[in-house]
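1. please find the sequence and the predicted model below.
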Amino acid sequence: MGRCSAAARIGARRSCDHGASPDGACVTGMMIPSLLDTDLYKLTMMQAVLHQHPGAQVLYRFKCRTPGVDLVQHLDAIWAEIDRLCDLRFSDEELRFLASLRYIKPDFVDFLEQFQLRRRHVHIAPSTQVPGELDLTIDGPWLQTILFEVPVLAIISETWMRAQPGGDVQEGEHRLRAKLERLRDAAPDCTITDFGTRRRYSHDWHARLLPICQQVLGGQFVGTSNIHFARLYGMTPHGTMAHEWLQAFQQLGPRLRDSQRAAFEAWAQEYRGDLGIALSDVVGLDAFLRDFDLYFSKLFDGMRHDSGDPLAWGDRVIAHLESQRIDPQGKTLVFSDGLDIEAVLRIHAHFRGRCKVGFGIGTNLTNDVGPKPLQLVLKMVRCQGQPVAKVSDTPGKGMSDDPDF
């Protein structure tokens, strides 16, 4: 049955739009007003999980990398927002928007029509080891838990930010415009994307800043990873895969040493040429380049950097492509590791004329209004009851709950 048929089957069950005003602000006061208020790659991975590993069981673990932060005092407020998150359902309008994306399949839209996050999968308690820290885990079927990560992190970030003095969105807008004007004037051929949902200052500030990015940058601002705002503002949603996709294959694939190849092959079979940016830093660049042979180098449109020195990473990736007689100018290198505008300009200048480049800016775009943002992650640490790991090219960004593994 065709895609338009799937969209037509979505009934008039719900007509509300989760309290969103025309400018994207949340008039209900909810930190997460929609299940689409998340990164696109959570939905694209979820679709692949539905089709390929619907019975997989996983465990995610939270970590605050910012030292000395007391999140326990905000535990009741965090739980209240998670309860509200678990009341959400996809609206008819949202399902129609998803159905309009060519890589979203009709059966997945049908599945989402009945989908709801379940509170029983979330476990939060004060840490018994470090005062003020949260012992937060999410466990259960991968298919039922995959959408928790981004909204839970956004809830924790906004809850913390609301309690901090010194937040000034007017000053934040002034700084934002200065950054965007700097990019526009210094590199008019450089494009950026918003990747900042999970550590944003607030939902309402996120809603406010995106039209400013469009206004100042025009075509240099190519979209957002946030599907909710992409739908409301007519932007292009961006995203492919995250670390958890490759991590899960450490237990779902054949041999551990072949897990990356299995993950990339499964992704290619799911999307048949769409969403062709491969993530490179799950077990380090050396292992990535070993696995990313001529087949994958031709099959994928490009690679994404998320840890380690970006210039050294890009130089090695370009050399790898050239060693396989592939023209790097036909490939896209996407950079997304803690970027600010000055880093974007430096990287863009280094690779100008050598390949296509793209930039996803996160926290520096969505949480620069005064208080210091928190460095928060919620990573998969187990799949099928067995450990999985992220082995980063940046010390301190790796994560696993089993050092031996």
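-> The structure has been received and is ready for your questions.
2. let me see the ranges of the helices in the stretch 301-405 of the chain.
-> Assigned by DSSP state H, counting those that start in this stretch, the helices in the stretch 301-405 of the chain fall at 310-323, 341-351, 363-366.
3. for the spatially closest residue to residue 344 that is not a sequence neighbour, give the beta-bridge partners.
-> In space, residue 344 comes closest to residue 359 once its chain neighbours are excluded; the distance is 4.9 Å by CB to CB, 6 or more residues apart in numbering. Where you see a C-beta, it was placed from the backbone N, CA and C, and this is true even at glycine. The bridge-partner assignment for residue 359, based on DSSP bridges, gives residue 192, residue 335.
4. where does the stretch 251-400 of the chain dip in pLDDT?
-> Counting by pLDDT under 70, the stretch 251-400 of the chain contains low-confidence residues at 396-397.
5. how about the strands in it?
-> Remark: strands of the stretch 251-400 of the chain, listed N- to C-terminal, are 277-279, 302-305, 332-335, 356-361, 376-383, 386-387; assignment by DSSP state E, counting those that start in this stretch.
6. out of these, nearest to residue 201?
-> Shortest separation from residue 201 across the strands of the stretch 251-400 of the chain is recorded for strand 376-383, at 13.0 Å, computed as CB to CB.
7. residues in contact with that closest one?
-> With contacts defined as CB atoms under 8 Å, 6 or more residues apart in numbering, strand 376-383 is touched by 56-66, 136, 138-139, 142, 148-149, 152-153, 156-157, 198-199, 243-244, 247-248, 250-252, 387-390, 399-402.
8. could you spell out the sheet neighbours of that strand, each with its direction?
-> The pairing partners recorded for strand 376-383 under DSSP bridges are strand 57-64 (antiparallel), strand 386-387 (antiparallel).
9. which helix runs longest in this structure?
-> The helix of greatest length in the chain, counted in residues with DSSP state H as the criterion, is given as helix 169-186.
10. pull out the buried positions in that one.
-> Judged by neighbour count (16 or more other CB atoms under 10 Å), helix 169-186 contains these buried residues: 169, 172, 176, 179-180, 183.
11. same question for stretch 290-301.
-> Buried positions in stretch 290-301, judged by neighbour count with 16+ other CB under 10 Å: 291-292, 296-297, 299-301.
12. one step back: wait, the residue nearest to residue 344 touches residue 192, no?
-> Yes. Counting by CB atoms under 8 Å, residue 359 does reach residue 192; the two are 4.7 Å apart.
13. pull up the overlap in contacts between the two.
-> What both residue 359 and residue 192 touch, as defined by CB under 8 Å, 6+ apart, is the set residue 344.
14. which SS state does residue 123 fall under?
-> Classification of residue 123 into helix, strand or coil gives strand, according to DSSP: H, G, I helix; E, B strand; the rest coil.
15. how many other residues sit next to it?
-> Neighbour count of residue 123, defined by other CB atoms under 10 Å: 12.
16. who's sitting farthest from the centroid in this structure?
-> residue 325 (32.0 Å; CA atoms, centre = their mean).
17. quick one on the thing from earlier: and of the strands of the stretch 251-400 of the chain, who's closest to residue 349?
-> Nearest to residue 349 among those is strand 356-361; the distance by CB to CB comes to 10.2 Å.
18. go through the closest one and flag the buried ones.
-> With burial defined by 16+ other CB under 10 Å, the residues of strand 356-361 counted as buried are 357-361.
19. other residues contacting that strand?
-> With CB under 8 Å, 6+ apart as the contact definition, strand 356-361 has outside contacts at 190-196, 222, 225, 238, 302, 329-336, 339-341, 344, 347-348, 351.
20. can you select the buried ones from those in PyMOL?
-> To isolate the buried members of these in PyMOL, using 16+ other CB under 10 Å:
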select buried, resi 190+191+192+193+194+195+196+222+225+238+302+331+332+333+334+335+336+339+341+344+347+348+351
